[in-house]
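>>> what follows is a predicted protein model with its sequence.
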Amino acid sequence: MTATGATQARNASRPWLAHYPPAVPPELDDARIGTLADLIGSACSTHADRPAFESFGKTITFAETRRAAESFAGWLQAQGLKKGDRVALMMPNILAYPAAIFGVLLGGFTVVNVNPLYTARELTHQINDAGARVLVVIENFAHVVEEAKPNLKLDAIVIATAGDLMGFKGKIVNFVARRVKKVVKPYGLPGSIGFQQILHGGARMTPVTVAPEDVAFLQYTGGTTGVAKGATLTHRNVAANVQQAGLWLEWMLEPPLGRSDYQHVMVTALPLYHIFALTCCCMFLLRIGAKSLLIANPRDIPGFIKTLKASRFTLFSGVNTLYNALANHPEIKEVDFSEMRFAVAGGMATQAAVAKQWKAVTGRPIIEGYGLSETSPVATINRPDITEFSGTIGFPIPSTEIAIRDAEGNDMPLGEAGEICIRGPQVMAGYWNRPDETAKAMTADGYFRSGDVGIMLPDGQTKVVDRMKDMVLVSGFNVYPNEVEDVLASHPGVLESAVIGLPDEHSGEAVTAFVVRKDPTLTTDALRAYCKENLTGYKVPRQIFFRESLPKTNVGKVLRRALREEVVARR
């Protein structure tokens, strides 16, 4: 077969290419991928005087962020850290976070992102598994580090605050934050050092040569389904994903005619330690010279909306639960969405009812994408020019291939369900020190097995059905919780819900729903009757429990596993 024939045959197996926007090429230019250190350096030079990050009303420029990053990198080098050593970051979205991330990457070290809400047990596992030498933690959660400290092998602990990099205003921010948290004085640990103290120390960074295959992040995953393991993401993995996102989206981001000074602003409510925000709200914004509006506590919806009302923004990112909470708040109608180009969603399935309400409020549809920590994360995304929510996760982005396969690894016909498998330059190098887990997750032909069930439509779009591990088996029939949750969400009296399977002596498993009511008069009988109108009998929840809230990760993903454990513990 000729080279042209081979290309034609390959394209025939990739139906999505026929539906790409005209401006988007099918493949990346490998020679232009580079490293994240290159990306940081280029952005901070090209956009030096532009605002890069805003937090609590304080903005710092790209140049200021770089200076702070280089000071931190120089301090790490002075502590004896070598290229490739791991540095753990345990902070919400504050100005210290991007400065620390950039410093670690510029110094040739590896970032280990840590959820600040972790318990001492979870923190101990991750720090020791990663072999981190330094931990940077916001003072609010330093007490967790203190509890875990006897079991940690750290060279240094750095204490950050919400007011770092803010000058005098930072003193006010810290005073208010400590008052809210009822902290009488700054929290310190014996032998620790303040992040602001490091920046004032003026350490100089020795330039380091960073290669594309060097490890940029150990991004821990699996916490919602079992013991967390580190996805090894190289500079090439994440830099490739940034370029892929750029090719897919930038044609929709052209400035208004005659506005060369125009700057995009991304509302960054998802924590930067989560892979979605890390790539899409931090690294991608470097590429386009945009500003990130950092939201430290997105769970404070009234406070979040107050910030939105006072801010100009053009881009929005979130997960289903966040969009749902915002769209249902009475003050959201006071927010100016006139400049918003698009709102992207990921991290969990977006429900049609939530997307409908979001568009009614903002005038823009939610553009859903899909990916995992193991894919840096973006694998597919809807076209940014859609006018209505599609209900799919869109098309594979450039240089990405999606296959839907059965348990034996055979490709499924279009329209039939199977495991979503992903191949592309953004797929991780493997799990950190877990060759057995890597072997289980990767196929012989280089695809990553996502653990998600999906179907591919004739045009190459993919629709996620559910997580394989969350599927409920009722008398031999498959029930996917996402489908039942979508029906529940469409009831006007339901705010949010979660569906799991519980053991049943007659049917093997029984569909069980946990519901947070919007209408306090809603009854289980009325809700079950509604489900019977919209679902076949075996999919209707056998039991419905009303609750004040649902257990969630800090990103907002509902923890079905926690609900199962809660029920089992009561039995």
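Structure's in. What do you need? Only a predicted model underlies this, so the values are computations on that prediction, with no experimental measurement involved.
>>> is it correct that residue 70 falls within a helix?
Yes: when DSSP: H, G, I helix; E, B strand; the rest coil is applied, residue 70 is found to be in a helix.
>>> and the pLDDT for it?
At residue 70, the model reports a pLDDT of 98.
>>> again, but for residue 506
79.
>>> can you report how many residues neighbour it?
Other residues near residue 506 number 8, with proximity taken as other Cβ atoms under 10 Å. (C-beta placed from N, C-alpha, C; glycine too.)
>>> over to the one 4 residues further on?
Other residues within reach of residue 510, judged by other Cβ under 10 Å, total 20.
>>> show me the contacts for residue 266.
For residue 266, the contact set (Cβ atoms under 8 Å, 6 or more residues apart in numbering) comprises 280, 281, 285, 290, 291, 292, 293, 313, 314, 315, 316, 317.
>>> quick one: it from residue 163, how far?
According to Cβ to Cβ, to the nearest Å, residue 266 and residue 163 sit 22 Å apart.
>>> so what's residue 24 up against?
Residue 24 touches 247, 248, 251, 398, counting by Cβ under 8 Å, 6+ apart.
>>> and which of these is nearest to residue 532?
Nearest to residue 532 among these: residue 248, at 41.4 Å, using Cβ to Cβ.
>>> so what's that closest one up against?
21, 24, 381, 384, 397, 398.
>>> farthest-apart pair in those, please.
384 and 398 (13.9 Å).
>>> out of the two, which sits in the busier spot?
In this view residue 384 and residue 398 are compared by other Cβ under 10 Å, and residue 398 has more residues nearby, 22 against 18.
>>> so the more buried one, which of the three states?
coil.
>>> and the pLDDT for it?
98.
>>> what of residue 529?
So, for residue 529, pLDDT stands at 96.
>>> from here on, count from 501
Renumbered: residue one is now 501, and that last one reads residue 1029.
>>> tell me which element it is part of?
helix 1024-1034 (DSSP states H and E).
>>> remind me what the next helix or strand along the chain from that helix packs against, helices and strands.
Per DSSP H and E, the first helix or strand lying C-terminal to helix 1024-1034 is strand 1043-1047. For strand 1043-1047, the packing partners by 3 or more Cβ pairs under 8 Å, 6 or more residues apart in numbering; DSSP states H and E come out as strand 1008-1017, helix 1024-1034.
>>> tell me the buried residues in strand 1043-1047?
1044, 1046 (16 or more other Cβ atoms under 10 Å).
>>> can I get it in PDB, CA atoms only?
Below are the C-alpha coordinates for strand 1043-1047, written out as PDB (Å, rounded to 0.1, in the frame of the first residue of the first chain):
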ATOM      1  CA  GLN A1043     -35.300   2.800  47.300                       C
ATOM      2  CA  ILE A1044     -35.000   6.600  47.400                       C
ATOM      3  CA  PHE A1045     -33.300   8.300  50.300                       C
ATOM      4  CA  PHE A1046     -33.600  12.100  50.800                       C
ATOM      5  CA  ARG A1047     -30.500  13.900  52.100                       C
END
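>>> so where's this structure uncertain?
Along the chain, the parts satisfying pLDDT under 70 run over 501-512, 681-687, 722-727.
>>> what's the separation between the closest residue to residue 673 other than its chain neighbours and residue 868?
Here the nearest residue to residue 673 in space, its sequence neighbours aside, is residue 663; by Cβ to Cβ, 6 or more residues apart in numbering that works out to 3.9 Å. According to Cβ to Cβ, residue 663 and residue 868 sit 36 Å apart.
>>> in the stretch 651-800 of the chain, which spans are helices?
Counting by DSSP state H, counting those that start in this stretch, the stretch 651-800 of the chain has helices at residues 668-680, 695-701, 735-749, 775-778, 784-788.
>>> check which helices and strands the last one sits against.
Pointing back at helix 784-788 there. helix 536-546, helix 735-749.
>>> now the helix or strand just after the shortest one - C-alpha only, PDB.
Toward the C-terminal end, the helix or strand that comes next after helix 536-546 (DSSP H and E) is strand 551-555. Extracted C-alpha coordinates of strand 551-555, given in PDB (Å, rounded to 0.1, in the frame of the first residue of the first chain):
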ATOM      1  CA  PRO A 551      -1.900  40.300  34.300                       C
ATOM      2  CA  ALA A 552      -1.500  36.600  34.700                       C
ATOM      3  CA  PHE A 553      -3.400  35.600  37.900                       C
ATOM      4  CA  GLU A 554      -5.900  37.400  40.100                       C
ATOM      5  CA  SER A 555      -6.900  36.300  43.600                       C
END
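>>> other residues contacting whichever helix or strand comes after strand 551-555?
Counting by DSSP H and E, the next helix or strand C-terminal to strand 551-555 is strand 558-561. Strand 558-561 has contacts (Cβ under 8 Å, 6+ apart) with 548-553, 568, 595, 665-667, 669-670, 673, 791.
>>> isn't residue 1048 right up against residue 1014?
No: here residue 1048 does not reach residue 1014: they are 10.7 Å apart, not a contact under Cβ atoms under 8 Å.
>>> neighbour count for the two, which is higher?
residue 1014 (24 against 6).
>>> hey, what's the more buried one bridged with?
residue 998, residue 1045 (DSSP bridges).
>>> enumerate every residue touching it.
997, 998, 999, 1000, 1044, 1045, 1047, 1050, 1063.
>>> residues of stretch 993-1010 that come out buried?
For stretch 993-1010, by 16+ other Cβ under 10 Å, it's 993-1002, 1004, 1007, 1009-1010.
>>> show me the two of those residues that sit farthest apart.
The farthest-apart pair in those, when distances are taken by Cβ to Cβ, is 995 and 1007, at 28.6 Å.
>>> one step back: dump the helices of the stretch 651-800 of the chain to JSON lines, plus distance to residue 803.
Conversion of the helices of the stretch 651-800 of the chain to JSON lines gives the following (distance: least, Cβ to Cβ, whole Å):
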{"stretch": "helix 668-680", "distance to residue 803": "11"}
{"stretch": "helix 695-701", "distance to residue 803": "24"}
{"stretch": "helix 735-749", "distance to residue 803": "29"}
{"stretch": "helix 775-778", "distance to residue 803": "18"}
{"stretch": "helix 784-788", "distance to residue 803": "23"}
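>>> right, and the ones you listed - which one's nearest residue 1030?
helix 775-778 (32.3 Å).
>>> now the strands for the stretch 751-900 of the chain?
Secondary structure of the stretch 751-900 of the chain (DSSP state E, counting those that start in this stretch): strands at 765-768, 791-794, 815-818, 842-845, 866-871, 878-881, 895-896.
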